[in-house]
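K.L.:
Here is my input; please provide its structure:
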Amino acid sequence: MKDNGIEASATSGRNGQFDVLRDGEPVFSKHKEHRFPEPGEVLSLLQS
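P.N.:
Okay, the predicted model is just below:
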């Protein structure tokens, strides 16, 4: 993501949790969507 000008970090979740936050606000939630993001989906969401 750094190549796209986005600084990212990862933190361990629990129970298979996979959430993407931007400035503390949810951008993508595996729990809510019931799926992992498609390739490029998170980057697209972060750039919008």
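K.L.:
Could you use CA atoms for every contact and neighbour count after this?
P.N.:
OK.
K.L.:
For the residue nearest to the spatial centre of the chain, give the beta-bridge partners.
P.N.:
Per CA atoms, centre = their mean, the C-alpha nearest to the average position across the chain is that of V20, at 2.7 Å. Bridge pairing for V20 (DSSP bridges) gives the partners F28.
K.L.:
Per-residue pLDDT of it, please?
P.N.:
The model reports V20 with a pLDDT of 90.
K.L.:
Could I get the CA-only coordinates of the lengthiest helix in the chain as CSV?
P.N.:
What stands out as the longest helix in the chain, according to DSSP state H, is helix 41-47. Extracted in CSV, the C-alpha atoms of helix 41-47 (Å, rounded to 0.1, in the frame of the first residue of the first chain):
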residue,chain,number,x,y,z
GLU,A,41,-11.2,-3.8,-3.2
VAL,A,42,-9.6,-2.4,0.0
LEU,A,43,-7.2,-0.2,-2.0
SER,A,44,-10.1,1.2,-4.0
LEU,A,45,-12.1,1.9,-0.9
LEU,A,46,-9.2,3.7,0.7
GLN,A,47,-8.6,5.8,-2.3
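K.L.:
for that helix, packing partners?
P.N.:
With contacts defined as 3 or more CA pairs under 8 Å, 6 or more residues apart in numbering; DSSP states H and E, the packing partners of helix 41-47 are strand 25-29.
K.L.:
How about residues contacting the next helix or strand after the strand it packs on?
P.N.:
As assigned by DSSP states H and E, the chain's next helix or strand after strand 25-29 is helix 30-33. The list of residues contacting helix 30-33 from outside it, by CA atoms under 8 Å, 6 or more residues apart in numbering, reads 17-19, 36-37.
K.L.:
Show the buried residues in these.
P.N.:
Using 16 or more other CA atoms under 10 Å as the burial test, the contacts of helix 30-33 include 18-19 as buried.
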